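Colleague: sequence first, predicted coordinates after that:
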Amino acid sequence: MRRERGLDETVRRFLDRSLSVNVATSDHDGRPLVARAVAARVSPGGKRLTVLIDGRANAALVAAIAGTGRLAVVFTEPSTHRSIQIKDDNASVAAPTVEESALPGPYIDGFIAELAGMGFTEAFVRAVMEFDPADLVALHLAPADVFDQTPGPKAGERIPA
């Protein structure tokens with residue numbers, strides 16, 4: 001079901017933080033492909049999302065999204081495991097704009113702060129999130145389907161627009 005409106009305010013506020021972000025798709029043969037994002041941004045109004053990944057390290061995933069348009073993105077708050085999944089079957093791949101290329105620095109700094117309270121060191125988080133800025137790829141999607149994926153009885157429930 002394609003959404004006509006953007007994400008609701010509660011979801012936008014949740015996503016507008018430095019969260020753990022993983023992207024997934026499958027290739028034409030149905031093989032799953034997964035990558036960790038290094039930054040994400042929700043457009044004003046919540047109608048578009050941009051997710052940045054290391055394109056060289058995830059070349060097969062980038063090619064699959066470019067070929068199929070299918071993309072699922074899961075945003076998770078590590079300290080609570082609160083998770084929201086957003087899907088689109090018409091996602092696109094592009095070189096990041098100058099503005100998008102600047103997103104990972106502050107995003108990763110925020111993620112370091114989120115994980116510090118859980119005992120993870122800055123060095124560890126930077127190693128996990130390491131990427132070459134020259135290899136950044138922007139994934140653009142519209143939230144066609146949104147699900148609560150927080151572990152518990154409501155996991156998998158659709159979040160209405």
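Modeller: Alright, I've got the coordinates.
Colleague: and stretch 89-102, what's buried?
Modeller: Neighbour-count burial for stretch 89-102, counted by 16 or more other CB atoms under 10 Å, picks out 91, 93, 96, 100, 101. Every residue, glycine included, has its C-beta placed from N, CA and C.
Colleague: contact partners of it?
Modeller: For stretch 89-102, the surrounding residues in contact (CB atoms under 8 Å, 6 or more residues apart in numbering) are 39, 41, 50, 52, 62, 65-66, 68-71, 133, 136-142, 144.
Colleague: run the last query once more with 10 Å
Modeller: Identification of contacts with stretch 89-102 by CB atoms under 10 Å, 6 or more residues apart in numbering yields 2, 23, 25, 39, 41, 49-53, 55, 61-73, 103-104, 133-134, 136-142, 144-145.
Colleague: can you give me the end-to-end distance of it?
Modeller: End-to-end distance of stretch 89-102: 27 Å, with CA to CA, to the nearest Å as the criterion.
Colleague: circling back: select only the buried ones of the contacts of stretch 89-102 in ChimeraX?
Modeller: To isolate the buried members of the contacts of stretch 89-102 in ChimeraX, using 16+ other CB under 10 Å:
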select :23,25,39,41,49,50,51,52,53,55,61,62,63,64,65,70,71,72,73,103,104,136,137,138,139,140,141,142
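Colleague: among the contacts of stretch 89-102, which ones are in strands?
Modeller: 23, 25, 39, 41, 49-53, 71-73, 136-141, 145 (DSSP state E).
Colleague: in CSV, list the buried residues of stretch 89-102 along with secondary structure, distance to residue 150 and pLDDT.
Modeller: Formatted as CSV, the buried residues of stretch 89-102 follow (DSSP: H, G, I helix; E, B strand; the rest coil; distance: CB to CB, whole Å; pLDDT from 0 to 100):
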residue, secondary structure, distance to residue 150, pLDDT
91, coil, 23, 97
93, strand, 29, 98
96, coil, 30, 98
100, helix, 28, 97
101, helix, 31, 97
